[in-house]
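**Q** Need a 3D model of the sequence below.
(one chain, ligands or ions: 1)
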Amino acid sequence: DWNSGNVIAEQVARIRAQVGSGRVLSALSGGVDSAVSTALVHEAVGDQLVAVFIDHGLLRKGEREQVENDYVASTGVRLITVDARETFLEALAGVSDPEQKRKIIGREFIRAFEKVQSELIAEAAAEGDPMRFLVQGTLYPDVVESGGGTGTANIKSHHNVGGLPEDLQFELVEPLRTLFKDEVRAIGRELGLPEAIVGRQPFPGPGLGIRIVGEVTADRLEILRDADAIAREELTKAGLDGEIWQCPVVLLADVRSVGVQGDGRTYGHPIVLRPVSSEDAMTADWTRLPYDVLSKISNRITNEVREVNRVVLDVTSKPPGTIEWE
Ligand code: XMP
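**A** So this is what the prediction gives:
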């Protein structure tokens, strides 16, 4: 019978056997898999591990703080945050095409990671103790999907922005390889990780970058971040997190519509709510949210978020609609 305490003990022993006294690097994304795999490795080897978190500016409200404050407080992991917000914004300037955005975000992520990685490799080498291992949050379904291979390449790079350079001489440490998502969450809770990270719903690697239909700018990101935070807060408050697989909140940045506020006419942007229910994201149905919850979210977003004068609900199943708008 499955028991998260046993799995932790077993994985800690395995990690120690694999890594010995070697140094280990890890990339945190803010998501469950990287958070739990990193925490397990830290449990096993302590300060032989250094974790890197790249703030690409496409995160949701509070996510960086969750990692920098709550995650670090609960694990004691040595964390290096790279503030790459400016670089990503510059690289995304003028780009509206979704696939182009994904390419740019993936490329910039690798660049930013490689930069800090080479600094850390140099630092470790200077201390006569080279960096040899890299943590990967590979789950059992990823292993099956990719044909079961192991090794040094990153098998998730095709769909995760957590994708790391493939030419590394690192040996991979993959403590979640035999586990399913709900088991990973149970282990994360057992390790005392913040619920906001352990219980996080799926969130795409390119983040808010693919939830702004149109060009990504600092201004638009701020608008979307505020609207998204309100929607998440109200859904959680209403106890609906379990029912919803995920709820993209999308800014139609290239659309304006006429509205009215007080005595004046407004000309603002619509926000789309896309709550879906799903088992695996391959197919999905739109979640029948209670009207009073929708009403609360709509009122709050239009009152509290500047430039947004309309909230619309996406009632399309997948197929034909995808979960994300881009
Ligand atoms: P779609 O929109 O294709 O989304 O129905 C299916 C699931 O995949 C997520 N998604 C992504 N995840 N990088 C990711 O890491 C991406 O580029 C990406 N695009 C979509 C989406 O959030 C949903 O869970």
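
**Q** contacts and neighbour counts: CA atoms only from here.
**A** Fine.

**Q** gap between V305 and the ligand?
**A** Separation of V305 from the ligand (C-alpha to the nearest ligand atom, to the nearest Å) stands at 23 Å.

**Q** so how many other residues sit close to that residue?
**A** Using other C-alpha atoms under 10 Å, V305 is surrounded by 16 other residues.

**Q** for the stretch 101-250 of the chain, which spans come out with low pLDDT?
**A** Applying pLDDT under 70 to the stretch 101-250 of the chain flags residues 148-168.

**Q** 80 instead?
**A** Applying pLDDT under 80 to the stretch 101-250 of the chain flags residues 146-169.

**Q** can you map out the helices along it?
**A** Using DSSP state H, counting those that start in this stretch, the helices of the stretch 101-250 of the chain run over 140-145, 181-190, 195-198, 218-237.

**Q** Pipe the ones you listed into JSON lines and attach mean neighbour count per row.
**A** Output for the helices of the stretch 101-250 of the chain, formatted as JSON lines (neighbours: other C-alpha atoms under 10 Å):
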{"stretch": "helix 140-145", "mean neighbour count": "14"}
{"stretch": "helix 181-190", "mean neighbour count": "19"}
{"stretch": "helix 195-198", "mean neighbour count": "19"}
{"stretch": "helix 218-237", "mean neighbour count": "18"}
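
**Q** Nearest to D47 among the ones you listed would be which one?
**A** helix 181-190 (19.2 Å; C-alpha to C-alpha).

**Q** so what does the closest one touch, helix or strand wise?
**A** Contact here means 3 or more C-alpha pairs under 8 Å, 6 or more residues apart in numbering; DSSP states H and E; on that basis helix 181-190 packs against helix 4-19, helix 32-45, helix 195-198.

**Q** Could you list the domains of this structure?
**A** Domains of the chain are assigned by automatic domain parsing as 4-198, 211-313.

**Q** what's the span of the longest one, first residue to last?
**A** If I follow you right, that is domain 4-198. 14 Å (C-alpha to C-alpha, to the nearest Å).

**Q** Then stretch 270-278?
**A** First-to-last distance for stretch 270-278 - C-alpha to C-alpha - comes to 25 Å.

**Q** what about P320, how many neighbours?
**A** 9.

**Q** Now it: which helix or strand?
**A** For P320, there is no host helix or strand (DSSP states H and E).

**Q** roughly how far apart are it and the ligand?
**A** 9 Å.

**Q** Double-check V50 against T81; I have them as touching.
**A** No - when contacts are counted by C-alpha atoms under 8 Å, V50 is not listed as touching T81 (10.9 Å).
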